[in-house]
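>>> Sequence first, predicted model second:
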Amino acid sequence: MAGIKNRTIAMKTQVAIIGSGPSGLLLGQLLQRAGIDNVIVERKDPDYILSRIRAGVLEQGMTDLLREAGVSERMDAEGLIHDGFELAFDGRCERIDLKTLTGGRTVMVYGQTEVTRDLMAARAAAGAMTVYDASDVNIHDPKTDSPYVTFVKDGETVRLDCDYIAGCDGFHGVSRQSIPSETLKIFERVYPFGWLGVLADTPPVNEELVYANHPRGFALCSMRSAIRTRYYVQVSAEEKVEDWSDERFWTELKARLLEHLADRLVTGPSIEKSIAPLRSFVVEPMQYGRLFLLGDAAHIVPPTGAKGLNLAASDVSTLYRILLKVYREGRTDLLEKYS
């Protein structure tokens, strides 16, 4: 008896977006508002996406883009605007006045999880499609005029035909892996230390971020809100997070801070603790035919300057404005200038 062949479900859109992190969601939101149809394909479920602890400092370019996308209401109401930050070294603190030095630009403290939550809500309200829990995601024919994406959802194979593919699926995603290795040039540096980070529901030790230099190693005092803090201490690459009790972490952090900061540091139980290995990774080109790489799919930077999410937003802005001109003015010549 002949076997029954599994049917393939056919879908079509203008832009297929791989990955529903902030960059994929933000690109989808901007395209949706411009009338450009898009579908997001995501391997994980929404709860997993929202559970990831990520950056919390948004630069002016990112906040401006969120306002342009119409998803800034909660950010503007709850985010903390910072005009500068402090450098602690040689027994003293020096404040860097960002607002004055940049002609009025500021940064916003607002967690990446909250950005993601806002973008998810906006996408749901717009009725735009996001396919979660998609497995076996593959990109096909990106160098042709008819690229497409296949994936499996609820046991059925889906083919998503599109004009363009935006790879927003991070360092380990399928997008960069879909580009022949011989066409990519990789620049990478791995550092011999990491950052041990703790998230705690305690008030910040300072109104603005503090970057501290100390003989025992670097420390950073950051925050997610007025009642949630994020602290880091530099550790060797061999350290294991399970060897660090909360008490040990707070003791080490205090030792690396100036006395006036250590005296007012409020400690408490950690709600998340992890070690981030530090490395820099950039690949070029960030484009292969009609496949475009955005965010961590194309570049990884250490968390030192809170640049990861902000660089991803820059990629989103660039690709969005190119696609806008492609669809509205037929400017396909701009596609080759993305990378």
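Received, thanks.
>>> what about this protein, any weak spots by pLDDT?
Within the chain, the segments meeting pLDDT under 70 span 1-6, 53.
>>> And it, what are its domain boundaries?
8-82+108-184+285-337, 191-278 (automatic domain parsing).
>>> The first one: end-to-end distance?
Distances were taken as CA to CA, to the nearest Å; on that basis the terminal residues of domain 8-82+108-184+285-337 are 35 Å apart.
>>> before we move on, the earlier item: could the domains of the chain be laid out in TSV, adding distance to residue 92 and mean neighbour count?
In short, each C-beta sits where N, CA and C put it, glycine included. TSV is the format used below for the domains of the chain (distance: least, CB to CB, whole Å; neighbours: other CB atoms under 10 Å):
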stretch	distance to residue 92	mean neighbour count
domain 8-82+108-184+285-337	20	19
domain 191-278	8	17
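>>> The longest helix seen in the chain packs against which elements?
Secondary structure of the chain read by DSSP state H shows that its longest helix is helix 308-329. Under the contact definition 3 or more CB pairs under 8 Å, 6 or more residues apart in numbering; DSSP states H and E, helix 308-329 sits against helix 22-33, strand 57-58, helix 60-68.
>>> just so I know, which of these lies nearest residue 45?
helix 22-33 (14.6 Å; CB to CB).
>>> List of residues touching the closest one?
By CB atoms under 8 Å, 6 or more residues apart in numbering, the residues outside helix 22-33 that reach it are 14-15, 17-18, 37-38, 40, 42, 65-66, 68-71, 112, 115-116, 119-120, 122-123, 126, 128, 130, 166, 168-169, 294-295, 309, 312-313, 315-316, 319-320, 323.
>>> ok, so what distance separates residue 271 from residue 200?
According to CB to CB, to the nearest Å, residue 271 and residue 200 sit 6 Å apart.
>>> cool, and residue 37?
Using CB to CB, residue 37 is found at 43 Å from residue 200.
>>> related to what we said a few turns ago, what does the longest helix of the chain rub up against?
14-15, 22-23, 26-27, 30-31, 34, 36, 54-55, 57-59, 61-62, 65, 112, 115, 164, 166, 168, 286, 292-296, 298-301, 331-332, 334-335, 337-338.
>>> now stretch 58-66, how far from the centre of its chain.
13 Å (CA atoms, centre = their mean, to the nearest Å).
>>> Does anything pack onto the helix or strand hosting residue 272? Which helices or strands?
Using DSSP states H and E, residue 272 maps to strand 270-284. Counting by 3+ CB pairs under 8 Å, 6+ apart, the packing neighbours recorded for strand 270-284 are strand 185-200, helix 246-256, strand 299-300.
>>> repeat that with 6 Å
With contacts taken as 3 or more CB pairs under 6 Å, 6 or more residues apart in numbering; DSSP states H and E, strand 270-284 sits against strand 185-200.
>>> After the strand it packs on, which helix or strand is next? Please name it.
strand 210-212.
>>> Tell me the gap between that following strand and the middle of its chain.
When distances are taken as CA atoms, centre = their mean, strand 210-212 is centred 23 Å away from the chain's centroid.
>>> and the helix or strand that comes right after that strand, which strands flank it?
Counting by DSSP H and E, the next helix or strand C-terminal to strand 210-212 is strand 219-223. Applying DSSP bridges to the sheet, strand 219-223 is found paired with strand 210-212 (antiparallel), strand 229-236 (antiparallel).
>>> what's the next secondary structure element after the host helix or strand of residue 96?
For residue 96, the element it lies in under DSSP H and E is strand 92-97. As assigned by DSSP H and E, the chain's next helix or strand after strand 92-97 is helix 98-101.
>>> Run through who's touching that following helix.
With CB atoms under 6 Å, 6 or more residues apart in numbering as the test, helix 98-101 has contacts from 83-84, 106.
>>> if I look at the nearest residue to residue 112 once chain neighbours are set aside, how far off is residue 278?
Counting by CB to CB, 6 or more residues apart in numbering, residue 112 lies nearest to residue 54, which is 3.8 Å off, once chain neighbours are set aside. Going from residue 54 to residue 278 by CB to CB gives 15 Å.
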